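# pasting the structure only:
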DNA sequence: TTTAAGTTTCAATACTTTTTGAAAGTTAAA
DNA sequence: TTTAACTTTCAAAAAGTATTGAAACTTAAA
């Protein structure tokens, strides 16, 4: 396998991975391209490399910047914007956790709080409340755990989890 | 809020949550319905409650069984199959981790192993290999961590993570 | 056997999400 | 100012995913 093929395979796979993580294929591919680029790339270079439209490239670069996975870089004397990827995987994962927690966990916690106040009495209501309470408990634990992870640094993360492996 | 409304809201929200987790909306809604059902439900009851087609119900119930999130239950003297949900959230999360790890992490690890063998010399190749190696390292750590989590029981999980929260 | 209750499959359809491309907007230099 | 390089927006089209419903299949009891 030569370099060009390796790069193409990586971009392709990263795209597939991203689509499982709330990052659409193009967005993940742009991130992959920037990860393995030796220098900051302009929007035009991204468009040419991935063969996508200008609109698509622009939208997804903005989204990546929003997620904190890509940074804008300006070169003196050049009007173009250049882009570089966050290359520290632990930072990447943390950013993804932050976004997904907000989009996924927080809404369900909110709903659980609301419905745990359902009115009425009887076996059926009690049973329902019990199920909801269990899930609520689990969700708030998950939420705290993720908050800790987000605050933690990589060294801490690695050493804690490495201890788990016998 | 009364019981019926609470149940409807829960089913709806669980469906939305699922769709972020590789579980499609209907699949997650069936799981939610079974979670809060006081008794095992037949396919027909699922169809009626959620107002979905027989084919859709069947496909998604099979998928839930496949994922280990729902179990088949047979009543003596009754040809219908009845279904109950796994209600232990920790078990649910573990099953989801197992499936998603297989679908998401393992393919990228495989690709990384392949492309880390790219041929050629020069600055560019070395730089590429370095980036890939970093991601490889991170991925295998993530893989081990998830394996440990899958083997761990809930008590262990909760106590370990609770310690993280100051 | 035959029947009927129940389950599974799958091509067609509906729905959702992503992508395009052209037009509008912005801004630094001439 | 005006120009031109570059960025952003957004409606329409394409691509991808989920759902339906009818037909085929399975199986236990009559």
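Received the coordinates, thanks. Just so you know, these numbers come straight off a predicted model, no measurement behind them.

# where does chain A dip in pLDDT?
Chain A contains residues with pLDDT under 70 at A:154, A:156-166.

# how is it carved up into domains?
Following automatic domain parsing, one gets these domains for chain A: A:3-85, A:89-162.

# Of all the ones you listed, which one comes closest to DNA strand C?
Relative to DNA strand C, the nearest member of the domains of chain A by C-beta to the nearest atom of the strand is domain A:3-85, separated by 1.9 Å. For glycine as for every other residue, the C-beta is placed from the backbone atoms N, C-alpha and C.

# Of the domains of chain A, which stretch is the most buried?
Burial among the domains of chain A, expressed as mean neighbours by mean count of other C-beta atoms under 10 Å in any protein chain shown, is greatest for domain A:3-85, which shows a mean of 17.

# Quick one: end-to-end distance for that one.
In domain A:3-85, first residue to last residue: 20 Å (C-alpha to C-alpha, to the nearest Å).

# hmm, it in reach of chain B?
Yes - judged by C-beta under 8 Å from any C-beta of the partner chain, domain A:3-85 comes into contact with chain B through A:3, A:5-7, A:9-10, A:13-14, A:16-17, A:20-22, A:35-36, A:38.

# from these, which is closest to residue A:109?
Sorting the residues of domain A:3-85 next to chain B by how near they are to residue A:109, with C-beta to C-beta, puts residue A:22 at the top with 17.8 Å.

# contacting residues for the closest one?
Under the criterion of C-beta atoms under 8 Å, 6 or more residues apart in numbering or on different chains, the contact list for residue A:22 reads A:96, A:99, A:100, A:103, B:20.

# Quickly note the distance from the first one to residue A:138.
So that's residue A:96. When C-beta to C-beta, to the nearest Å is the yardstick, residue A:96 and residue A:138 sit 21 Å from each other.

# Kindly report the same for the third one.
Distance of residue A:100 to residue A:138, computed by C-beta to C-beta: 17 Å.

# do the same with the second one
Taking C-beta to C-beta as the measure, residue A:99 falls 21 Å from residue A:138.

# give the contact list for the residue nearest in space to the middle of chain A.
The residue at the geometric middle of chain A, judged as the C-alpha nearest the mean C-alpha position with C-alpha atoms, centre = their mean, is residue A:96 (2.3 Å). Taking C-beta under 8 Å, 6+ apart as the criterion, residue A:96 is in contact with A:21, A:22, A:23, A:67, A:69.

# Against DNA strand C, which of the residues of domain A:3-85 next to chain B make the cut? List them.
Restricting the residues of domain A:3-85 next to chain B to those within reach of DNA strand C (C-beta under 7 Å from any atom of the strand) leaves nothing.

# got the residues of chain A near DNA strand C?
Counting by C-beta under 7 Å from any atom of the strand, chain A comes close to DNA strand C at A:19, A:24-27, A:51-56, A:59-60, A:77, A:79.

# what ranges do the helices span in chain A?
For chain A, the helices defined by DSSP state H occupy A:3-19, A:25-35, A:43-50, A:54-66, A:89-100, A:106-115, A:123-151, A:154-162.

# right, and these - which one's nearest DNA strand D?
Go through these one by one with C-beta to the nearest atom of the strand and the one that ends up closest to DNA strand D is helix A:54-66, at 3.1 Å.

# ok, that closest one near DNA strand D or not?
Yes - using C-beta under 7 Å from any atom of the strand, helix A:54-66 comes into contact with DNA strand D via A:54, A:55, A:58, A:59, A:61, A:62.

# Just give me the closest of those to chain B.
Of all the residues of helix A:54-66 next to DNA strand D, the one with the least separation from chain B (C-beta to the nearest C-beta) is residue A:61, at 19.5 Å.

# Identify the farthest-apart pair in the contacts of residue A:96.
Of all pairs drawn from the contacts of residue A:96, the widest gap by C-beta to C-beta lies between A:22 and A:69 and measures 11.9 Å.
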